[in-house]
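Asker: quick check, what structure comes out for this input:
(chains A and B)
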Amino acid sequence: MSARIWRFWCVNLGVALAALLTLSPLLWMLGMSFAETGQSSHAKLLFVPDPLVWDHYRELLRDEKIVRGFLNSLFLACAATLLGCSFNVLAGYAFAKLHFKGRDRIFQTLLAALVIPGQISMLPLFLILKSMGLVNSYAGVLVPSMVSIFGIFLVRQYAISVPTAMLEAARLDGAGEWQIFWRIVLPLLRPVLVTLALLTFLGSWNDFMWPLIVLNDSDRQTLPLAVANMAREHVQDTELMMASSVLTVLPILLLFLFLQKHYLRGLTLGAVK
Amino acid sequence: MVLPALIVLAVFFFVPVLAAFVLSFSDFDLYALADWHHLRWVGLSNYVDLLLRPLFWKALANTLYFVVLGVPLSIVVSLLAALSLNSPLLRFKGLWRTLMFAPVVTTLVAVAVVWKYFFHYEYGVVNQFTAWLGLAPIDWLGNPRWSMLTIVIFAAWKNFGVNMVILLAALQAIPEDLYEAARMDGAGLWRQFIHITIPMLAPSLLMVSVLTMAGYFQLCAEPFVMTQGGHLQSTVSVLYLMYDEGFKWWNLGQACAVAVVLFAIILVATQSLRRLAFAQESA
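Answerer: Numbers count the residues shown, from 1 in each chain, chains lettered A, B, ... in the order given. Below you'll find the model as predicted:
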């Protein structure tokens, strides 16, 4: 019996400690963002600063580049989510339930293309966008997030479970394909839609390399770009940098906390091939 | 309904990928960017140049170091986390899982900045801890010997949650009867782990390893933000090299050759991992 109790405490304390260790950089970031300037450099192993101050957040709110970056990121993430969901859901549903010539072969080709790293297309994609005049525009940033093979795959895996009999019945009643999609399919696909939306939003919010390549105008910069620039200019100002990191990470962390069930389903649904 | 998605994919993904192959045989540069007539076909010379450049081999070595150290570390950490989260003795499982998953959703740039200060030579938390242990301070990001290792640790911290969740789902799918039968036969925890858990997890472990490996070969943003390539180019990765060639020096032909070589390496590496796993299975 005592061996069991011993093991119980070992497991629980071990996991708690591991979680604390995992979170420690984030907790430190949060603590330092409220510290007075210069505190982090001489305080020893400090996570909760002594006078808690809001100064750095106030400074960030006054910083035009950060505020604009935040709004740009928000706008781009919403637009990417809207676009990504429409294209991927339509395609995913069609691959699951509609019959058309070459369906399975096309789908197999897409799956095989999953192994191609997206970065390979980066250089020519830039040239294509340049010839279309889309460099340094919001549209240019959005292009790669419009369709994702993984997104199509995710929706298809879920849409397969939509009962075909239901669609057949609607067709017999004379409903058009679009009507069926809007009235019957879309409501049934809502859970996977939330998953897809969340994944797309997070992907867009967190993206760094592609906006860095496409955007060179500071007015259109996204928040990660603004933070990276700030990190170069304010190397010494640890506390201010921590506040800007909190500002970047906190919105998506909260979003994840509220919708984590949907997020994790995306991972496991995508993983079971 | 499929058509819009396929057209977008074709124009913005498949055409660029093909174009990358084609352009890797050209001398596409700043002049060609201004006027296509300056474009010339140079055959394999981009590839030959690349293989003759010491920086390419340095970048390749750095990337391999990152993959060889990073992939097993990530997988082991994920597996340990998944196993402990799956323990029947554990309380508040959902809470711990969420907390340990948190780094995955964070913005890379923002947390990379945090890690830079966390691992700071003079007053970073990590060196305060090593000092407390009585060890000499380590210049985690500045010293070429340590900088790549720091990035490996960072990547493992940032990514282990994904594999943890996938492996946890796989662990939960193992039928309880198997363990019960093993206990009846008097197998201890370790033997249960070796003879039931590992074989049952093998497909998931393989998939997770392949995905992690393909992802880690594409290392780029981490060194870009944390070290800008590092002292003595100690953290320049292959993709970083491509980015530098392409968007800093506008040697797009040469950069496309880097992309193609990286693609080939990823393909060979992931396929050999698969091959190896299947050979093990049938042996």
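
Asker: return the residues in contact with the residue nearest the centre of chain A.
Answerer: Residue closest to the average C-alpha location in chain A (C-alpha atoms, centre = their mean): residue A:202, at 1.3 Å. Shown in contact with residue A:202 (C-beta atoms under 8 Å, 6 or more residues apart in numbering or on different chains): A:252, A:255-256, A:263, B:105. (Glycine included, C-beta is placed from N, CA and C.)

Asker: next one: it from residue B:194, what distance?
Answerer: Noted for residue A:202: a distance of 37 Å to residue B:194, by C-beta to C-beta, to the nearest Å.

Asker: again with residue B:143
Answerer: Taking C-beta to C-beta, one finds residue B:143 at 39 Å from residue B:194.

Asker: those two: who's more crowded?
Answerer: residue B:143 (16 against 11; other C-beta atoms under 10 Å in any protein chain shown).

Asker: over to the more buried one: give its phi and psi.
Answerer: phi -80, psi 120 (degrees, to the nearest 10).

Asker: with residue B:41 instead?
Answerer: According to degrees, to the nearest 10, residue B:41 has phi -90, psi 130.

Asker: wait, it sits on residue B:25?
Answerer: Yes. With contact defined as C-beta atoms under 8 Å, residue B:41 reaches residue B:25; the gap is 5.9 Å.

Asker: pick out whichever of those two has more residues nearby.
Answerer: Neighbours per residue, other C-beta under 10 Å: of residue B:41 and residue B:25, the larger number sits with residue B:25, 18 against 10.

Asker: list the contacts of that one.
Answerer: Going by C-beta under 8 Å, 6+ apart, the list of residues near residue B:25 reads B:41-44, B:46, B:253.

Asker: of those, buried ones?
Answerer: When the contacts of residue B:25 are checked for burial by 16 or more other C-beta atoms under 10 Å in any protein chain shown, the buried set is B:42, B:46, B:253.

Asker: so which of these belong to strands?
Answerer: With DSSP state E as the criterion, strands contain none of these.

Asker: what element comes up after the helix or strand bottoming out on mean pLDDT in chain A heading to the C-terminus?
Answerer: Taking mean pLDDT, DSSP states H and E as the measure, chain A has helix A:39-42 as its least confident helix or strand, at a mean of 70. Heading C-terminal from helix A:39-42, the first helix or strand you meet, by DSSP states H and E, is helix A:55-62.

Asker: who are the packing partners of that next one?
Answerer: helix A:64-97, helix A:238-271 (3 or more C-beta pairs under 8 Å, 6 or more residues apart in numbering or on different chains; DSSP states H and E).

Asker: pick out the shakiest of these, pLDDT-wise.
Answerer: Mean pLDDT values for those show the minimum at helix A:238-271, a mean of 88.

Asker: pLDDT check: weakest of the buried ones among the contacts of residue B:25?
Answerer: residue B:42 (87).

Asker: what residues go with each domain of chain A?
Answerer: Domain segmentation of chain A under automatic domain parsing yields A:1-53, A:60-272.

Asker: please identify the deepest-packed of those.
Answerer: domain A:60-272 (a mean of 18; mean count of other C-beta atoms under 10 Å in any protein chain shown).

Asker: least trustworthy helix or strand in chain B by mean pLDDT?
Answerer: Per mean pLDDT, DSSP H and E, helix B:30-34 ranks last in chain B, at a mean of 79.

Asker: apart from its neighbours in sequence, what residue is nearest residue A:34?
Answerer: Spatial nearest neighbour of residue A:34, excluding adjacent residues (C-beta to C-beta, 6 or more residues apart in numbering or on different chains): residue A:52 at 4.5 Å.

Asker: just to revisit the earlier point, with distance to residue B:261 added, can I get the helices and strands packed on helix A:55-62 in a markdown table?
Answerer: Output for the helices and strands packed on helix A:55-62, formatted as a markdown table (distance: least, C-beta to C-beta, whole Å):
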| stretch | distance to residue B:261 |
| --- | --- |
| helix A:64-97 | 30 |
| helix A:238-271 | 28 |
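
Asker: got the residues of the stretch 51-200 of chain A near chain B?
Answerer: Taking C-beta under 8 Å from any C-beta of the partner chain as the contact definition, the stretch 51-200 of chain A meets chain B at A:87-88, A:90-91, A:93-95, A:98, A:100, A:103, A:106, A:110, A:113, A:115-128, A:130, A:143-144, A:146-147, A:149, A:152, A:177, A:181.

Asker: relative to chain A, how far out is residue B:258?
Answerer: Distance, residue B:258 to chain A, by C-beta to the nearest C-beta, to the nearest Å: 9 Å.

Asker: what is the host helix or strand of that residue packed up against?
Answerer: Element membership for residue B:258, per DSSP H and E: helix B:252-282. Judged by 3+ C-beta pairs under 8 Å, 6+ apart, helix B:252-282 is in contact with helix A:122-131, helix B:15-23, helix B:45-52, helix B:54-85, helix B:198-217, helix B:238-243.

Asker: for these, which one ends up most surrounded?
Answerer: Among the helices and strands packed on helix B:252-282, helix B:238-243 has the highest mean neighbour count (mean count of other C-beta under 10 Å), at a mean of 25.

Asker: close to chain A, is that one?
Answerer: Yes. With C-beta under 8 Å from any C-beta as the criterion, chain A is reached by helix B:238-243 at B:239, B:242-243.

Asker: next one: stretch A:8-22 to chain centre, how far?
Answerer: 28 Å (C-alpha atoms, centre = their mean, to the nearest Å).

Asker: pLDDT weak spots in chain A?
Answerer: Segments of chain A classed as low confidence (criterion: pLDDT under 70) are A:1, A:41-46, A:270-273.

Asker: does residue A:151 touch residue A:200 like I think?
Answerer: Yes. Contact criterion C-beta under 8 Å: residue A:151 and residue A:200 qualify, at 7.1 Å.

Asker: give me the common contacts of the two.
Answerer: residue A:84.

Asker: quick one, what contacts residue A:197?
Answerer: The contact partners of residue A:197, by C-beta under 8 Å, 6+ apart, come to A:81, A:84-85.

Asker: element containing it?
Answerer: helix A:190-206.

Asker: now the angle from that helix to helix A:64-97?
Answerer: 150 degrees (axes from the mean of the first three to the mean of the last three C-alpha atoms, to 10 degrees).

Asker: near chain A, which residues of the stretch 51-200 of chain B?
Answerer: B:81, B:84-85, B:87, B:89-91, B:96, B:98-103, B:105-111, B:113-118, B:122-123, B:125, B:128-129, B:132, B:157, B:162, B:165-166, B:169.

Asker: just the buried residues of those.
Answerer: Buried, going by 16+ other C-beta under 10 Å: B:81, B:84-85, B:90, B:96, B:98-103, B:105-111, B:113-118, B:125, B:128, B:157, B:162, B:165-166, B:169, out of these.

Asker: tell me which of these fall in helices.
Answerer: B:81, B:84-85, B:96, B:98-103, B:105, B:108-111, B:113-118, B:125, B:128, B:157, B:162, B:165-166, B:169 (DSSP state H).

Asker: pull the residues that contact stretch B:95-106.
Answerer: A:15-16, A:18-19, A:22-23, A:26, A:202, A:206, A:249, A:252-253, A:256-257, A:260, A:263-264, B:81, B:85, B:90, B:111, B:157-162, B:164-165, B:168.
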